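>>> Give the three-dimensional model of this entry:
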Amino acid sequence: MGKVSRVPVFWNNSTFFFFLVLSVKEFLAKAKEDFLRKWESPPQNTAGLDDFERQKTLGTGSFGRVMLVKHKGAEQFYAMKILDKQKVDNSSYIKHDNSNLYMVMEYVPGGEMFSHLRRIGRFSEPHARFYAAQIVLTFEYLHSLDLIYRDLKPENLLIDQQGYIQVTDFGFAKRVKGRTWTLCGTPEYLAPEIILSKGYNKAVDWWALGVLIYEMAAGYPPFFADQPIQIYEKIVSGKVRFPSHFSSDLKDLLRNLLQVDLTKRYGNLKNGVNDIKNHKWFATTDWIAIYQRKVEAPFIPKCRGAGDTSNFDDYEEEDIRVSLTEKCAKEFADF
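Sure, this is the predicted structure:
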């Protein structure tokens, strides 16, 4: 992306835009090469479970829990995801024992967007736009790698110490070049084509972006009800009501993202992500500055140190139980 800064000042806007797009394409092509190399030859990990000291539970889910851990030698904090092997497919995570898989990842002390959103009530449009722009860039990158994320929601977005978001939990992510049919995701964020089992592509992520922007700016999702089936009915109907405080530009963007007709949904048209990036609601967004993390964040979480957990909810602690015999021995024979 360095080429953008060397564009001569006498070039007009259309020429500048052409080279900006070219620069982004070059960056994504290089990123795809790097991704494929890592995909085909994943790094070998030498850390063992005994090298980590478990500190506190950060979150729980249907597959297991996430804990704050400290590496005894390096004195660094990490997030360790502990998954029940009977509930997940065989994947190349770092370590496993007879009962669980253990994934050690970067620890982000700012906590979930979900917690901050519920505390504040709703974000201002500039605040929501700051986060939304980062998701747009994230999906632009993932989709260039033929990856569909499929689980966008405030609970899966962590806020780091600089106020920028980090996308987490790629449990539903999948490499797809055409269409896929798996029913997965969070009910409020499912695209109509997932619910209708029509087969779907990367466009489901752009629908989810629309849901997220709506929830950030309103404080609640556009489709909600007591039962999932009622939520699904509202989603496939395609009817969206907007709060009176939404700007006209925001409503226009959301109408184009929360579009049941795939031939009209932004992100899925011939201009791809550029229909979203060039929309009026993002007119003030400097995409390169966002990518380079040069834009001042509207909110900086309070952190008292590297291992601070004050931005996470408290959970009842449980001992990690390990079976004396191997669970799923057949599935993990070559792990």
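>>> in the chain, which helix or strand is least confident?
Lowest by mean pLDDT, DSSP states H and E among the helices and strands of the chain is strand 95-96, with a mean of 46.
>>> following that strand, which helix or strand comes up?
Sequence-wise, the next helix or strand downstream of strand 95-96 (DSSP states H and E) is strand 100-106.
>>> on contacts alone, who are the packing partners of that following strand?
Judged by 3 or more C-beta pairs under 8 Å, 6 or more residues apart in numbering; DSSP states H and E, the packing partners of strand 100-106 are strand 77-84, strand 95-96. C-betas here are computed from N, CA, C, even on glycine.
>>> In a markdown table, list those strands along with distance to Ile229 and mean neighbour count.
As requested, these are arranged in a markdown table below (distance: least, C-beta to C-beta, whole Å; neighbours: other C-beta atoms under 10 Å):
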| stretch | distance to Ile229 | mean neighbour count |
| --- | --- | --- |
| strand 77-84 | 28 | 20 |
| strand 95-96 | 37 | 18 |
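>>> To Asn311, which of the ones you listed lies closest?
Nearest to Asn311, of all the helices and strands packed on strand 100-106, is strand 77-84, at 12.8 Å by C-beta to C-beta.
>>> quick one: average confidence on the closest one?
Mean pLDDT, strand 77-84: 87.
>>> got the angle for that strand vs strand 100-106?
160 degrees (axes from the mean of the first three to the mean of the last three C-alpha atoms, to 10 degrees).
>>> Show residues contacting strand 77-84.
The contact list for strand 77-84, computed with C-beta atoms under 8 Å, 6 or more residues apart in numbering, reads 52, 54-55, 58, 63-71, 93, 99-108, 306-307, 320.
>>> what's the average pLDDT for the helix or strand containing Trp39?
Assigned by DSSP H and E, Trp39 belongs to helix 13-40. Averaged across helix 13-40, the pLDDT comes to 69.
>>> got it, and stretch 121-132?
Stretch 121-132 comes out at a mean pLDDT of 99.
>>> chain center to stretch 301-313: distance?
Per C-alpha atoms, centre = their mean, to the nearest Å, the displacement of stretch 301-313 from the mean C-alpha position of its chain is 21 Å.
>>> Tell me where the stretch 101-250 of the chain has helices.
113-120, 125-144, 192-195, 203-218, 228-237, 248-257 (DSSP state H, counting those that start in this stretch).
>>> need these in CSV with mean neighbour count, can you?
Below are the helices of the stretch 101-250 of the chain laid out as CSV (neighbours: other C-beta atoms under 10 Å):
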stretch, mean neighbour count
helix 113-120, 16
helix 125-144, 20
helix 192-195, 21
helix 203-218, 24
helix 228-237, 16
helix 248-257, 18
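>>> Low-confidence regions, this protein specifically.
Applying pLDDT under 70 to the chain picks out residues 1-22, 62, 85-99, 321-335.
>>> Please identify the nearest residue in space to the spatially most central residue of it, excluding sequence neighbours.
With distances taken as C-alpha atoms, centre = their mean, Val167 lies nearest the centre of the chain, 3.5 Å away. Closest residue to Val167 apart from its sequence neighbours, by C-beta to C-beta, 6 or more residues apart in numbering: Thr138 at 5.5 Å.
>>> Just the buried ones from the contacts of strand 77-84, in ChimeraX syntax?
Buried residues among these (16 or more other C-beta atoms under 10 Å), as a ChimeraX selection:
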select :52,55,58,63,64,65,66,67,68,69,70,93,99,100,101,102,103,104,107,108,307
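>>> Out of the helices of the stretch 101-250 of the chain, which gets nearest to Leu36?
Across the helices of the stretch 101-250 of the chain, closest to Leu36 is helix 125-144 (C-beta to C-beta), at 11.4 Å.
>>> Touching that closest one from outside, list them.
Contacts of helix 125-144 (C-beta under 8 Å, 6+ apart): 24, 28-29, 31-32, 113, 123, 148-149, 152, 157, 164-165, 167, 173, 202, 205-206, 209, 212-213, 216-217, 247, 250, 267, 273, 276-277, 281-282, 284-285, 287, 290-291, 295, 297-299.
>>> about what we covered before: for Lys294, see how far away the residue nearest to Val167 is.
The gap separating Thr138 from Lys294 is 17 Å, by C-beta to C-beta, to the nearest Å.
>>> And Gln162, by the same measure?
11 Å.
>>> can you check Ile288 too?
8 Å.
>>> ok, these two, which is more surrounded?
Neighbour totals were compared for Ile288 and Lys294, and Ile288 leads with 16 against 9 (other C-beta atoms under 10 Å).
>>> Give the buried residues for the helix or strand where the more buried one lies.
Using DSSP H and E, Ile288 sits within helix 287-291. Buried residues in helix 287-291, counted by 16+ other C-beta under 10 Å: 287-288, 290-291.
>>> List phi and psi for Lys70.
phi -120, psi 130 (degrees, to the nearest 10).
>>> Just the element for the nearest residue to it once chain neighbours are set aside, please.
Excluding the flanking residues, the one nearest Lys70 by C-beta to C-beta, 6+ apart is Glu53, at 4.7 Å. Taking DSSP H and E as the definition, Glu53 sits inside strand 52-60.
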